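Colleague: Would you be able to build a 3D model of this:
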Amino acid sequence: MSKIEVSSIRNVKLKVEIWADIVCPWCYIGKRRFEQALAQFEHSKNIEIEWKSYQLSPNGNPKPGKSIYQSLADKKGWTLDYTKQVHEHVTSQAKEVGLTYNFDDVVVANTFDAHRLMQHSRKRGLGQIAEEHLFKAYFTEGRNIADHQTLIQIGTEIGLESIEVSQMLSGNECSEDVSRDIYEAHQIGVQGVPYFLINETYAVSGAQQPETFLGLLRKAWAG
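Modeller: Below is the predicted model:
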């Protein structure tokens, strides 16, 4: 995971809100490219980053054992061969920023409860590390991020107590937070993720190159 630390300190000048879905491969790539931009940004210690929930398939109920290739082919109306070509391209883009995507092992899952874990973690100052672990669990480790036991394990890996994660997942805690983020995204016109919003003024969508993010950060800082 990136070692970049962005502090929420008193003289924060820029707030960056990032809408993402954990099963979005470009969101993880976008995260890394944004981190590369932060490493070059002169005022990175004066930035607060807040991850926001978004669902690409909110009503998705994946069939057990169906591969990510078949799931996307069915959703998009693509051939299986074309779908695999698309994933090969994404894998190569991920590799360029140091990420390993193992699509053959991916367990297709609804992300609502995973977002609840992220929201719970965010309230404890662990939102960024939770997002990182969830991305890695899905794309690299082939873990089922809809499974509560898996989410409890991820929670303990980032420093939460297993009992608090279990209790959170067993009820409806943080469900409203997830829904509120998604509603807010729709209200401001988000049509795809990742979506980056700086100080509620400067916005960019997609896994842009680091220089694009860096330029936007500098513009927001000067503005």
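
Colleague: okay, CA-based contacts and neighbour counts for the rest of this
Modeller: Will do.

Colleague: Now the phi/psi pair for I198, please.
Modeller: The phi/psi pair for I198 (degrees, to the nearest 10) reads phi -110, psi 120.

Colleague: residues in contact with Q55?
Modeller: Q55 sits next to A20, D21, T111, F112, I182 when contact means Cα atoms under 8 Å, 6 or more residues apart in numbering.

Colleague: Could you give the backbone dihedrals for it?
Modeller: The phi/psi pair for Q55 (degrees, to the nearest 10) is phi -130, psi 120.

Colleague: Next one: it, what pLDDT does it get?
Modeller: As predicted, Q55 sits at a pLDDT of 97.

Colleague: that older thread, which of the contacts of Q55 fall within strands?
Modeller: Mapping the contacts of Q55 onto strands (DSSP state E) picks out A20.

Colleague: Show the buried residues in the contacts of Q55.
Modeller: Burial by neighbour count, judged by 16 or more other Cα atoms under 10 Å, picks out A20, D21, T111, F112, I182 from those.

Colleague: Please name the nearest non-neighbouring residue to the third one.
Modeller: The one in question is T111. Using Cα to Cα, 6 or more residues apart in numbering and skipping the chain neighbours, the partner closest in space to T111 is A146 (6.2 Å).

Colleague: So that neighbour versus S53, what's the distance?
Modeller: To S53, A146 is 15 Å away according to Cα to Cα, to the nearest Å.

Colleague: which one of the two has more residues nearby?
Modeller: Neighbour comparison, A146 and S53: the larger count goes to S53, with 26 against 18 (by other Cα atoms under 10 Å).

Colleague: Would you mind putting the CA coordinates of the worst-scoring helix or strand of the chain on mean pLDDT into PDB?
Modeller: When the helices and strands of the chain are compared on mean pLDDT, DSSP states H and E, helix 68-76 comes out lowest with a mean of 94. This file holds the C-alpha atoms of helix 68-76, laid out as PDB (Å, rounded to 0.1, in the frame of the first residue of the first chain):
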ATOM      1  CA  ILE A  68     -16.200 -11.700 -13.700                       C
ATOM      2  CA  TYR A  69     -15.800 -12.200 -17.500                       C
ATOM      3  CA  GLN A  70     -19.200 -13.900 -17.900                       C
ATOM      4  CA  SER A  71     -20.800 -11.400 -15.500                       C
ATOM      5  CA  LEU A  72     -19.600  -8.400 -17.500                       C
ATOM      6  CA  ALA A  73     -20.300 -10.100 -20.900                       C
ATOM      7  CA  ASP A  74     -23.900 -10.700 -19.800                       C
ATOM      8  CA  LYS A  75     -24.300  -7.200 -18.500                       C
ATOM      9  CA  LYS A  76     -22.800  -5.400 -21.500                       C
END
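
Colleague: what does it contact?
Modeller: The contact list for helix 68-76, computed with Cα under 8 Å, 6+ apart, reads P62, W78, T79, L80, T83, K84, F103, D104, V106, V107, V108.

Colleague: That concludes my questions; thank you for your assistance.
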